[in-house]
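Visitor: make a model of this:
(chains A, B, C and D)
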2 protein chains.
Amino acid sequence: MSEEEKHPLFEKPLTPSDVGKLNRLVIPKQHAEKWFPSPVLGGYGGPVAGDRGLLLAFEDEAGLTWRFRYSYWNSSQSYVLTKGWSRYVKEKKLDAGDIVCFLRHRENVGRLFIGCKRAAAASRSSATAAGHPYLGISSLHPSDCSSHAAGK
Amino acid sequence: MSEEEKHPLFEKPLTPSDVGKLNRLVIPKQHAEKWFPSPVLGGYGGPVAGDRGLLLAFEDEAGLTWRFRYSYWNSSQSYVLTKGWSRYVKEKKLDAGDIVCFLRHRENVGRLFIGCKRAAAASRSSATAAGHPYLGISSLHPSDCSSHAAGK
DNA sequence: TATTTCACCTGCGAT
DNA sequence: AATCGCAGGTGAAAT
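Guide: Below is the predicted model of the structure:
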């Protein structure tokens, strides 16, 4: 997958809650409604619809697939990634202020990608050593990823 | 609604937690089990049952309806009013030590009423000017009440 | 039992 | 002034 085939959709700087014990990532409404399939109405074929919300799959910079439950919370009128999100935070060692990036394939708009960047220059030394601003995957083991295939 | 048709059930002096950020009122168990429909088993027709707990409606001294979610919390073995309660506290300007009163209709026992009184004589001057110990409703607008109907 | 997931709820800042 | 998005919470259920 060349970088040219990935089209950036949006980025979100992570809040303390996004990386904390709430185990969820709030997707800003304007981006959710513009770029993601509706978790209420159901998706565009690709995602697997469950009883509630959707199961969305994202490929990371290493080509590994991360699956997250994507739901709409009526009470707070918010779109959120829930199941699977905390695993991603832990694996990528994300902290508040870091930025998560969402992208899609240039031709196949149903193929989604996820990436992340450190917030400040101070903590970039190890990431930039890999040649680009995205975090490395040296700590990611195959077993971590295969377990993500589990559905609901 | 004449006062004679309202039958007092019980009163509770409000604790700091009852009027604080926990946004809930603990209903003493003996009163809850004696006077309110069980939020676990479901109500007696009048209240609208939700997925969890009940939605109880209470009329205040002005005839305005306040709806609260009424639940049983297994963790603390307590009966509580949750959703809607903080709005009532704010609107009636309740403080710790103030007293909330619950009443029901003399014939229609499913028709509930709520009222409140100041704890001490010092702050009663404006309320007694209205002719009774209940707080006035001069600051309560109709819109405040109709919005309480929301909730699934 | 501990942790994660889930569907709720609310204060507050931005608008 | 009133509305809306969302950050930061909850209890309960699932795992």
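Visitor: and the residue nearest to A:Met1 when sequence neighbours are not counted, how many neighbours does it have?
Guide: Here the nearest residue to A:Met1 in space, its sequence neighbours aside, is A:Gly63; by Cβ to Cβ, 6 or more residues apart in numbering or on different chains that works out to 6.4 Å. Heads up, the C-betas are built off the backbone N, CA and C, glycines and all. By other Cβ atoms under 10 Å in any protein chain shown, the residues close to A:Gly63 number 10.
Visitor: check the one 5 residues further on too.
Guide: Other residues near A:Phe68 come to 24 when the count uses other Cβ under 10 Å.
Visitor: same question, A:Tyr79
Guide: 22.
Visitor: A:Leu41 now?
Guide: Neighbours of A:Leu41 (other Cβ under 10 Å): 10.
Visitor: likewise for A:Arg106?
Guide: Using other Cβ under 10 Å: A:Arg106 sits among 12 other residues.
Visitor: element containing the residue most central in space within chain A?
Guide: Chain A has A:Ile114 as the residue nearest its centroid, 4.6 Å off, counting by Cα atoms, centre = their mean. Using DSSP states H and E, A:Ile114 maps to strand A:112-117.
Visitor: stretch A:5-15 - what's its average pLDDT?
Guide: The average of the pLDDT scores along stretch A:5-15 is 95.
Visitor: does DNA strand C sit close to that stretch?
Guide: No - between stretch A:5-15 and DNA strand C, judged by Cβ under 7 Å from any atom of the strand, nothing touches; the nearest distance is 11.2 Å.
Visitor: what does that stretch contact?
Guide: By Cβ atoms under 8 Å, 6 or more residues apart in numbering or on different chains, the residues outside stretch A:5-15 that reach it are A:18, A:25-28, A:31, A:35, A:94-107, A:113, A:119.
Visitor: got a ChimeraX select line for the buried ones in those residues?
Guide: Here is the ChimeraX command that selects the buried residues among those (16 or more other Cβ atoms under 10 Å in any protein chain shown):
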select /A:18,25,26,27,94,98,100,101,102,103,104,113
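Visitor: in helices, which of the contacts of stretch A:5-15 appear?
Guide: Counting by DSSP state H, the part of the contacts of stretch A:5-15 found in helices is A:Asp18, A:His31, A:Trp35.
Visitor: closest one of these to A:Val89?
Guide: A:Asp18 (7.8 Å; Cβ to Cβ).
Visitor: the closest one reaches A:Val26, doesn't it?
Guide: Yes - using Cβ atoms under 8 Å, A:Asp18 is in contact with A:Val26, at 6.7 Å.
Visitor: is any residue of stretch A:106-124 near DNA strand D?
Guide: No - figure legend: stretch A:106-124 not in contact with DNA strand D (Cβ under 7 Å from any atom of the strand); closest approach 14.3 Å.
Visitor: check the average confidence over that stretch, would you?
Guide: Here the average pLDDT along stretch A:106-124 is 81.
Visitor: what of stretch A:35-52?
Guide: pLDDT averaged over stretch A:35-52 gives 64.
Visitor: the strands in chain A, which residues?
Guide: Per DSSP state E, chain A carries strands over the ranges A:6-13, A:25-27, A:48-49, A:54-59, A:65-73, A:78-81, A:99-105, A:112-117.
Visitor: residues of chain A that sit close to DNA strand C?
Guide: So far as Cβ under 7 Å from any atom of the strand goes, chain A lies against DNA strand C at A:21-24, A:52-53, A:69, A:71, A:73-76, A:78, A:82-87, A:152.
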